[in-house]
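I would like to see how this sequence folds:
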Amino acid sequence: MKQALIYSLKVWLTGVFLAPVLLKLFWMVSGESTGSNAVGALMLFGGVLSIPSVLLLFLSVLILTRQAIAVNSTKLILSLIGIILAYLPIWVLNGRQFWLDSFMLNFFVGYTVTVIAAIWFYKLKPQ
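Here you go, the predicted model:
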């Protein structure tokens, strides 16, 4: 249980702190100024809004690591879950509309890429 909690927190904190930095870099390279000075606010709001997501990620990791599934298969399932969990806070911010405009799509892609990279980067041991 402790390993699942630590793994989930590492993935979550990586998403909360690294995704806004990547978004800032993307906005600087693409020449967009919209929201480019809001890295701290993105970290704060991203962290608060994704608390339910980290709890669901923790439960998913806990359940999947107790199954007799290979670690790579577990990480693949967690990647799919990570896509959904990265979308949920953005869906709430977007007024519960399924379609995302280009600005919100930047957030979704930034957080999704970061979460999936963190899922595959950090070591996960089956229980």
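
Please make it C-alpha for all contacts and neighbour counts, starting now.
OK.

and Met43, how many neighbours does it have?
Neighbours of Met43 under the rule other Cα atoms under 10 Å: 19.

how near is the residue positioned nearest the centre of the chain to Gly31?
Nearest residue to the geometric centre of the chain (Cα atoms, centre = their mean): Val115, 3.8 Å. Using Cα to Cα, to the nearest Å, Val115 is found at 25 Å from Gly31.

Buried by neighbour count: which residues of stretch 74-88 qualify?
By 16 or more other Cα atoms under 10 Å, the buried positions in stretch 74-88 come out as 74-75, 78-79, 81-83, 85-88.

average model confidence for it?
On average, the pLDDT along stretch 74-88 is 94.

same check, this time on stretch 45-59
Averaged over stretch 45-59, pLDDT sits at 91.

what's next to that stretch, contact-wise?
Stretch 45-59 has contacts (Cα atoms under 8 Å, 6 or more residues apart in numbering) with 4-5, 8-9, 12-13, 16, 78, 81-82, 85-86, 88-89.

for these, which one is nearest Trp120?
For the contacts of stretch 45-59, the minimum distance to Trp120 (Cα to Cα) is 9.3 Å, reached by Leu78.

now the helices for the protein?
For the chain, the helices defined by DSSP state H cover 2-30, 39-49, 51-65, 71-93, 102-121.

Let's have the ones you listed in TSV, adding distance to Gln127.
Shown next, in TSV, are the helices of the chain (distance: least, Cα to Cα, whole Å):
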stretch	distance to Gln127
helix 2-30	9
helix 39-49	28
helix 51-65	6
helix 71-93	11
helix 102-121	17
